[in-house]
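Student: Build me a model from this:
(one chain, ligands or ions: 1)
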Amino acid sequence: MTTALFDSVSSIDWSNWKAKDIATLMFIIKDGKILLIRKKRGLGAGKINGPGGKLDPGETPEQCAVREVQEELLVTPENISYHGISLFQFTDGYSIHVYIFSATDFKGTPTETDEAIPLWFELDRIPYQEMWEDDGIWLPLVLKGQRFHGKYIFDGDSMVDHELVNLGPLKK
Ligand SMILES: Nc1ncnc2c1[nH]c(=O)n2[C@H]1C[C@H](O)[C@@H](COP(=O)(O)OP(=O)(O)OP(=O)(O)O)O1
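Tutor: Next comes the predicted model:
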């Protein structure tokens, strides 16, 4: 019998926790719609999510978030805000630290690439059932212009525990 090392948020010493990967997500929200992607490869392939991906060496999180949208959808986000972080610990030992951004404008035309299919949704029709389980917890805070800090335990695709702290409105 094996014992899960990570079965709840409280079972982890977060002050000494260090993720295997660091990544970003960027949500472009314009004219009452949000630009999401159907992810074609990488972690979460097949799901709907915001565009994003892992940090390259020497990059800041914001630089990564912009580059990933350029690579995945051939557009450049503009007027960017930083919302906070989501820390994901998987029961198999994998972990990822994700910085979350939004933008109210962009340059270019969202275009399908090898990595992603662009999809626009009305803000009250976000397809949470096709997204990571945690997205329904914190994406509403992005839409409301809030900052937050979240911790999540996943067993494969299933969220087994979470803790979300709302840090209030975006800094001006
Ligand atoms: N649970 C959850 N909810 C919402 N979003 C995510 C998760 N887990 C995640 O990993 N993510 C996001 C964070 C990143 O944007 C991607 C994962 O990065 P990935 O696409 O694998 O990174 P790339 O650098 O684009 O991929 P490769 O080049 O390594 O293929 O998912």
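Student: CA only for contacts and neighbour counts going forward, please
Tutor: Noted.
Student: can you give me how far stretch 120-130 is from the chain middle?
Tutor: 15 Å (C-alpha atoms, centre = their mean, to the nearest Å).
Student: three-state assignment of residue 38?
Tutor: strand (DSSP: H, G, I helix; E, B strand; the rest coil).
Student: Give the burial count for it, as a bare number.
Tutor: For residue 38, the tally of surrounding residues (other C-alpha atoms under 10 Å) stands at 21.
Student: Next, the contact list for it, please.
Tutor: 45-49, 116-119 (C-alpha atoms under 8 Å, 6 or more residues apart in numbering).
Student: what do you get for residue 56?
Tutor: By C-alpha under 8 Å, 6+ apart, the contact set of residue 56 is residue 64.
Student: is the ligand contacted by stretch 131-145?
Tutor: Yes: applying C-alpha under 6 Å from any ligand atom, one finds stretch 131-145 touching the ligand at 132, 134-135.
Student: Quick check: PyMOL command selecting the buried ones in those residues.
Tutor: Entered in PyMOL, the line below selects the buried ones among the residues of stretch 131-145 next to the ligand, by 16 or more other C-alpha atoms under 10 Å:
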select buried, resi 134
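Student: Mark which of the residues of stretch 131-145 next to the ligand are part of helices, please.
Tutor: Cross-referencing those against helices under DSSP state H gives residue 135.
Student: out of the residues of stretch 131-145 next to the ligand, who's nearest the ligand?
Tutor: residue 132 (4.7 Å; C-alpha to the nearest ligand atom).
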